[in-house]
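# Coordinates for the following, if possible.
(chains A and B)
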Amino acid sequence: MIKQLRAKKSGIVGGILVVLYLVLAIGAPLIAPYDPLAMHLSALLQSPGSTFLAGTDQLGRDVFSRLVFAARTSLYVAFVSIAISGTVGGLCGAILGYFGGVIDGLGMRLTEIVMAFPSMILALILVAFLGASIHNVILALAISYCPVFIRMARSSSISLREREFVLASKAIGASAFAVISRNIIPNIVPLLLTQVTLSFSSAILFEAALSFLGLGVQPPTPSWGNMLGEGRQFMLMAPWLTVLPGLTISVIVIGINLLGDAMRDVLDPRLRGQS
Amino acid sequence: MTNYLMHRLLLIIITLIGVSVLVCSLTRLMPGDFVDVMLGTQKGMLTDHQIQSLRSAYGLDKPWPVQYWEWVKSILRGSLGYSLRTGKSVLQEIGGRLQVTLELTVMSMFLGVTSGILLGTLSAIRRDRPSDFILRIVGLIGLSIPRFWLGLLIILALTTYVHWLPPMGTVIPFFRNPAGNLAQFIFPALTLSLGLTASLMRITRSAMLEVLHHDFVLTASSKGLSNRVVWLKHCLRNALIPVITLIGMQFGYLLGGAVVIECVFSLRGVGRSLINAISHRDYVLVQGIVLTIALTFAFVNLIIDVLYSVIDPRIRYT
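Sure, this is the predicted structure:
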């Protein structure tokens, strides 16, 4: 009882942080005091103060405004890529698991090939091959995260297909499409939801790493990762360019993870406390 | 067991063939090829004919299935081809660098596994006490902060407060100068291991707490065994099974993270060389590195699966 309460409390903290960042991202033009791309050439590498809340970078751009606008980029990339991989992976997994046989075998081999790469390296290679741009980062992340969803959806689809209510639908003559869309998928979604949350936080970290390496979101569009990458050269002169974007990333990821943990506790008590 | 191993090896081979086809076809999708990047802005000074003959000199004029087939033939001869940029053999290019990456991953694996299991056990034993609470917060933070950022912070802290950084230019071999080598690797390895420590801590804690409810634990305590024996011999061993699954999955995560960490700490490992090869469109080197990584990853997963049956006698492969 106490444990559940605590889980909920931390879940609320997580929820508040997520909402806060969403507000920042959506209201960026209203919240940011300056244009994130405007260069104040008389104020290069200024340390945080009253005019520039979080200081300026090497081109005199306001770091706070850039952080706020970067929330848009980073959350957009993470959200769209996880939405794609969750939907596509979930559907494919449900179908593979329901039909089994040859399609399932082929699908799983293909998944295994994708999984033969550590996901970071897969995303890296894909972005390199497709060219670094925001949409290619989304595509690369979506592909890297697909196998997890396919495997989860597939295994629950396999166990669902033998359940009485599914057999009953089949017995009254429901088509495979109807069974999958009405019986299987609604039962898989809650399971996938926790995974979606946790993948979302790791997608934010991924995008940051890719952009940091210069293979993700391209400047001048601000993203937390490319801000870290650009600020790195000035690390000793202007440590805020390194400290602040990282801190911004950490706080939102902590928030999402808290929310994800609480969600898992509520949705699936069996998995309580696992990573 | 032998059958199982043969089956797994066959699967590894099939996967690697898939990986090689995929990489070889994908590399050709990259915008701009090696010749474009090598010539840069000077490309305008060459006639089309000259550019064509450059391409054919590097074997880039043939369609990719032909290039793939030649690559496969050279692999079967025991060579991964020659780097387009340096002309050195890919094996030679990868060799020393793979050592660096492996030392980095193995070291952070060691750090992560020992500290993760230790802290996780501690956290479970001290459940709901302040130390457990602090450890859980540390675990959450460890999972949530970007590792490359932690690396940057470590560099920043060392230069600002200690005015010292280990020389990173050339890697000092461990057996020639262990202290120098460790000085180079300890910070990158610590940085890389953070995520592993955190997730192992969390899973060890929950696995320990779950095992505690089993009857055999009660039996062990009622036999009069000391708490320490019950915790370490009876609980931990059983709790380790999910932990090992996670270790296997995390190895790939470490390999991927190594790419970024090598860039942060300027370590000359495979990851950094992959990034360089990609930016120079050095297809042959990219393919070689990717194949090596996939192979390493596949074998580690195999080893982990075999380790299962050692730790848990209930699992037997046939």
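# so A:Pro48 sits in a helix?
No: counting by DSSP: H, G, I helix; E, B strand; the rest coil, A:Pro48 is not part of a helix but coil.
# Now for B:Tyr58: which residues touch it?
Contact partners of B:Tyr58, counting by C-beta atoms under 8 Å, 6 or more residues apart in numbering or on different chains, are B:34-35, B:84. Any C-beta I mention is one placed from the backbone N, CA and C, and that applies to glycine too.
# how many other residues sit next to A:Leu244?
Neighbours of A:Leu244 under the rule other C-beta atoms under 10 Å in any protein chain shown: 22.
# To clarify, my last question referred to B:Leu255.
25.
# near chain B, anything from the longest helix along chain A?
Assignment by DSSP state H gives helix A:63-99 as the longest helix of chain A. No: residues of helix A:63-99 contacting chain B under C-beta under 8 Å from any C-beta of the partner chain: none, with a closest distance of 11.2 Å.
# Next, the angle helix A:63-99 makes with the helix or strand just after that helix.
Next along the chain after helix A:63-99, taking DSSP states H and E as the criterion, comes helix A:101-115. Here helix A:101-115 runs at an angle of 150 degrees relative to helix A:63-99 (axes from the mean of the first three to the mean of the last three C-alpha atoms, to 10 degrees).
# What is the following helix or strand past helix A:101-115 packed up against?
Per DSSP H and E, the first helix or strand lying C-terminal to helix A:101-115 is helix A:119-130. Helices and strands touching helix A:119-130, by 3 or more C-beta pairs under 8 Å, 6 or more residues apart in numbering or on different chains; DSSP states H and E, are helix A:134-160, helix A:185-212, helix B:2-27, helix B:237-265, helix B:270-279, helix B:283-311.
# where does chain B have low pLDDT?
For chain B, the stretches with pLDDT under 70 are B:29-32, B:169, B:311-318.
# Just want the residue of it that's nearest chain A.
Distance from chain A to each residue of chain B (C-beta to the nearest C-beta) is smallest for B:Gly256, at 2.6 Å.
# Could you pull up the residues touching that residue?
Going by C-beta under 8 Å, 6+ apart, B:Gly256 touches A:118-121, A:124.
# let's see 6 Å
Contacts for B:Gly256 (C-beta atoms under 6 Å, 6 or more residues apart in numbering or on different chains) come out as A:118, A:120-121.
# could the helices and strands packed on helix A:119-130 go into a markdown table alongside distance to B:Phe175?
Formatted as a markdown table, the helices and strands packed on helix A:119-130 follow (distance: least, C-beta to C-beta, whole Å):
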| stretch | distance to B:Phe175 |
| --- | --- |
| helix A:134-160 | 37 |
| helix A:185-212 | 33 |
| helix B:2-27 | 31 |
| helix B:237-265 | 21 |
| helix B:270-279 | 20 |
| helix B:283-311 | 22 |
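# Contact residues of chain B facing chain A?
Contact residues, chain B versus chain A (C-beta under 6 Å from any C-beta of the partner chain): B:15, B:18-19, B:26, B:29-31, B:144-146, B:148-149, B:152, B:156, B:199, B:202-203, B:206, B:252, B:255-256, B:260, B:278, B:293-294.
# Make a ChimeraX selection of the buried ones in those residues.
Buried residues among these (16 or more other C-beta atoms under 10 Å in any protein chain shown), as a ChimeraX selection:
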select /B:15,18,19,26,30,144,145,146,148,149,152,156,199,202,203,206,252,255,256,260,278,293,294
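# got JSON lines for the contacts of B:Gly256, with neighbour count and pLDDT too?
Compiled in JSON lines, the contacts of B:Gly256 are given as follows (neighbours: other C-beta atoms under 10 Å in any protein chain shown; pLDDT from 0 to 100):
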{"residue": "A:Pro118", "neighbour count": "25", "pLDDT": "77"}
{"residue": "A:Met120", "neighbour count": "23", "pLDDT": "82"}
{"residue": "A:Ile121", "neighbour count": "24", "pLDDT": "82"}
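# Identify, from those, the entry nearest to chain B.
Among the contacts of B:Gly256, and counting by C-beta to the nearest C-beta, the member closest to chain B is A:Met120, at 2.6 Å.
# which helices and strands does the longest helix of chain A pack with?
helix A:2-26, helix A:28-31, helix A:134-160, helix A:185-212 (3 or more C-beta pairs under 6 Å, 6 or more residues apart in numbering or on different chains; DSSP states H and E).
# lowest-confidence stretch among these?
When those are ranked by mean pLDDT, helix A:2-26 comes last with a mean of 80.
# Now do it and helix A:185-212, the angle between them.
60 degrees.
# Give me the contact list for helix A:2-26.
By C-beta under 6 Å, 6+ apart, the surrounding residues in contact with helix A:2-26 are A:68, A:71-72, A:75, A:252, A:255, A:258-259, A:262, A:265.
# With mean neighbour count added, can I get the helices and strands packed on helix A:63-99 in a markdown table?
Converted to a markdown table, the helices and strands packed on helix A:63-99 look like this (neighbours: other C-beta atoms under 10 Å in any protein chain shown):
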| stretch | mean neighbour count |
| --- | --- |
| helix A:2-26 | 15 |
| helix A:28-31 | 13 |
| helix A:134-160 | 22 |
| helix A:185-212 | 23 |
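# mind checking which of the ones you listed is nearest A:Phe52?
Shortest distance between A:Phe52 and these, using C-beta to C-beta, is found for helix A:28-31: 14.9 Å.
# How far off centre is the helix or strand harbouring B:Leu54?
Assigned by DSSP H and E, B:Leu54 belongs to helix B:48-57. With C-alpha atoms, centre = their mean, to the nearest Å as the basis, helix B:48-57 stands 39 Å off its chain's centre.
# Break chain B down into its domains, please.
Domain assignment for chain B by automatic domain parsing gives B:2-76, B:95-311.
# contacting residues for the most centrally placed residue in chain B?
The residue lying closest to the centre of chain B (C-alpha atoms, centre = their mean) is B:Leu255, at 1.6 Å. Taking C-beta under 6 Å, 6+ apart, we find B:Leu255 in contact with A:118, B:105.
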